[in-house]
Each structure stands twice: as structure tokens, then as C-alpha cells.
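In: my questions concern the predicted model and sequence given below.
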Amino acid sequence: MQSILITGSKGQLGSEIQFLSHQFNQFNFIFTDINELDITDKNALNLFFSQNKPQWIINCAAYTAVDKAEDDRDMADKINFEAVENLAKMASEYHAILVHISTDYVFDGMHYRPYTEFDSENPKSAYGCTKLEGEEAVQQFATEYLIIRTSWLYSVFGNNFVKTMLRLGKERSKLNVVFDQIGTPTNARDLANAILHIIQKATENESFFKKGLYHYSNEGLCSWYDFAKEIMDYAKLSCQVEPILSADYPAKAPRPYFSVLDKSKVKKTFDIKIPHWKDSLLLCLNELV
């Protein structure tokens, strides 16, 4: 039985993997968070890997406080880069495959078309810069790996935009939401399911696995305003959503204006079907509302 180590297992994606894990009982799942395994601690990692020897690592751990990272760059760097380098080296030493989760924030968002894996990165925030450094560490030190960039992640677990909108929609009569940032909401359960199916197929047929960089989000695109409207409408909340410009909602870290990801590569390589963002949102809201 192959073992899969999940780091950051209490976050949105890690929690969704845990939720789905019973469907993949051919694997031994090892769920860890900082209390069980501090991936910034090289000695702790060495001891853990020598005792457990996982065949797969899904790194869901990340510093994701985008605005806070502008003032806390050292901590963002420690988690998004240094810890990832530690995992990449461990994966290589113990012949494990590392699945690392990255972000659309590695791009500047100035494109007019969906970003492919071949487009040049140009992060504009400390968060985006540290996540790009993490990607580069994986490519440099891990022998076998998948880097999966995703965007606008939400889930029934953890804190996220969907839950915030539901809460504020009940508390307020009106909300202002930016309409000039375009991307794709991604249900973390869809991403978790895709990752686990890739691992399942790769263990059944080694030639199925193709290491490299991939993009995964739900299909379609929208603005944050459209996303919020869809949430309010489905939940039948009377809160009025007003569109505003990013300039009218100042944030410490700049956000990409257009960060839609092209998923052609992951769909073709791993024969993955990806749901539309509205369909996946409804499934999530059915559990929350």
C-alpha cells in the first residue's frame, strides 16, 4: 500500500482531500499540519521521512495572507519557498513524487487571454513572488513532481470568499465588490479529486505520470462581483451587491486584473473533465446554505 503525505491538511484543499480519502482506500493517507510536522524544520522532516517513507507528497501548506505578506515577507518566504525547498529535497532523497500547489498570482494579470504554462511569470506581490520561488525550488530539487497552479479557491471547509459573502449577505443590506478583476472560482473539492485520480492512475500505470507544471481551475470566468452576485442569488439573500473598481477598494498587495488559467494541458495529459465554476459553486452552496 502506497503512502500519501498531505501537508497543510487543515486548510481548504487538505480538508477536501481528507473528505475524499475514504474513496481511495488503496492508499495510506498521512495527514499532517504544523502541529504534526513543521516543514520549515529540516531535522523534523528528516526524522519524519526516515520513519514514514511516503511515496507521494501533496503540499497544501502555504502562507496565503496576500496583504499581510507585504509586511511579513520573511514568514511568507519561509513557508512558500524555504519549506517547499525542504520538501523537494526530501522527495528526491526518498524517491517520492511531490505534488505542489501554486497560484495564479505568479502572473501580473495584464494578459487578455487565459494564461498557459508557457507564459512568462511576473508576480506583483510578495505572496506571488514567494510562491514563484517555491515553484522554482521544486523544479530544481525534486526529481519527480507536479506543480499545479490554481485560482480563487473556496471550499465548505476553512475561511474563503464564499463563506464571507454568505455571512456578510446576512448581516448587511449592501456590499461593494470589485468588478475589474477577472478569474475563475475553483471548488477545492474538484482540485482534490483531480489530484487523487492522477495519483491513482499513476500507481496503476507508471507511464501515465508526466511530471511538470500544470494549471487547474474550474471552467469559465467571472469577476469577483459576478461571483458574489451568484452566491447571493442562490442563497436568496436580499443583500444588494454593487460593482466597484479596484482603485475604490485599496489593498496593500496588487491583485492580477486578469488571471484566467488555460487548462488544456492538464485535461489532455491526464484525461480530466473539469466542471464549470457555476455548477461547482452550487454543489458547495448546497452544503453550506
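Out: Done, it's in. Residues are numbered from 1 along each chain as shown.
In: isn't Ser280 up against Ala188?
Out: No. Ser280 is not in contact with Ala188 according to C-beta atoms under 8 Å; the separation is 9.6 Å. Using the backbone N, CA and C atoms, a C-beta is placed for each residue, glycine as well.
In: more neighbours: which of these two?
Out: Neighbour count, other C-beta atoms under 10 Å: between Ser280 and Ala188, Ala188 has more, with 27 against 22.
In: tell me the pLDDT at Tyr249?
Out: pLDDT, Tyr249: 87.
In: so it is in contact with Asn176, correct?
Out: Yes. With contact defined as C-beta under 8 Å, Tyr249 counts as touching Asn176 (6.8 Å).
In: buried ones in stretch 43-62?
Out: Along stretch 43-62, the positions that meet the burial threshold by neighbour count (16 or more other C-beta atoms under 10 Å) are 45, 48-49, 54-62.
In: contacts for that stretch?
Out: Among residues not part of stretch 43-62, those counted as contacts by C-beta atoms under 8 Å, 6 or more residues apart in numbering are 2-9, 11, 13-14, 17, 27, 30, 33-34, 37-39, 79-80, 83-84, 86-87, 90-91, 93-101, 131, 195, 199.
In: with stretch 161-169 instead?
Out: Surrounding stretch 161-169, the residues in contact under the criterion C-beta under 8 Å, 6+ apart are 152, 154, 175, 185, 224, 227-228, 231-232, 235, 237, 239, 281, 284-285, 288-289.
In: over to stretch 4-23?
Out: Surrounding stretch 4-23, the residues in contact under the criterion C-beta under 8 Å, 6+ apart are 27-33, 37, 39, 52, 54-62, 87, 96, 101, 153-155, 157-158, 160, 188-189, 191-193, 195-196, 199.
In: re the thing from before, filter the contacts of stretch 161-169 down to the ones in helices?
Out: With helices taken from DSSP state H, the overlap with the contacts of stretch 161-169 comprises 224, 227-228, 231-232, 235, 281, 284-285, 288.
In: can I get those in TSV including neighbour count and pLDDT?
Out: Converted to TSV, the ones in helices among the contacts of stretch 161-169 look like this (neighbours: other C-beta atoms under 10 Å; pLDDT from 0 to 100):
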residue	neighbour count	pLDDT
Trp224	24	98
Phe227	24	98
Ala228	26	98
Ile231	27	98
Met232	20	98
Ala235	16	97
Leu281	22	98
Cys284	22	98
Leu285	16	98
Leu288	14	96
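In: can you put those residues in JSON lines and add distance to Ile148?
Out: Shown next, in JSON lines, are the ones in helices among the contacts of stretch 161-169 (distance: C-beta to C-beta, whole Å):
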{"residue": "Trp224", "distance to Ile148": "22"}
{"residue": "Phe227", "distance to Ile148": "21"}
{"residue": "Ala228", "distance to Ile148": "26"}
{"residue": "Ile231", "distance to Ile148": "25"}
{"residue": "Met232", "distance to Ile148": "30"}
{"residue": "Ala235", "distance to Ile148": "30"}
{"residue": "Leu281", "distance to Ile148": "20"}
{"residue": "Cys284", "distance to Ile148": "20"}
{"residue": "Leu285", "distance to Ile148": "24"}
{"residue": "Leu288", "distance to Ile148": "25"}
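In: tell me the buried residues in stretch 115-128?
Out: Of the residues in stretch 115-128, 115, 121, 123-128 count as buried by neighbour count, 16+ other C-beta under 10 Å.
In: ok, the most far-flung residue of the chain relative to its centre to Lys163 distance?
Out: Computed with C-alpha atoms, centre = their mean, the maximum C-alpha offset from the centroid of the chain is found at Ser173, amounting to 31.5 Å. Summarising the geometry, the distance separating Ser173 from Lys163, computed by C-beta to C-beta, to the nearest Å, is 19 Å.
In: likewise for Asn80?
Out: The spacing between Asn80 and Lys163, counted by C-beta to C-beta, is 23 Å.
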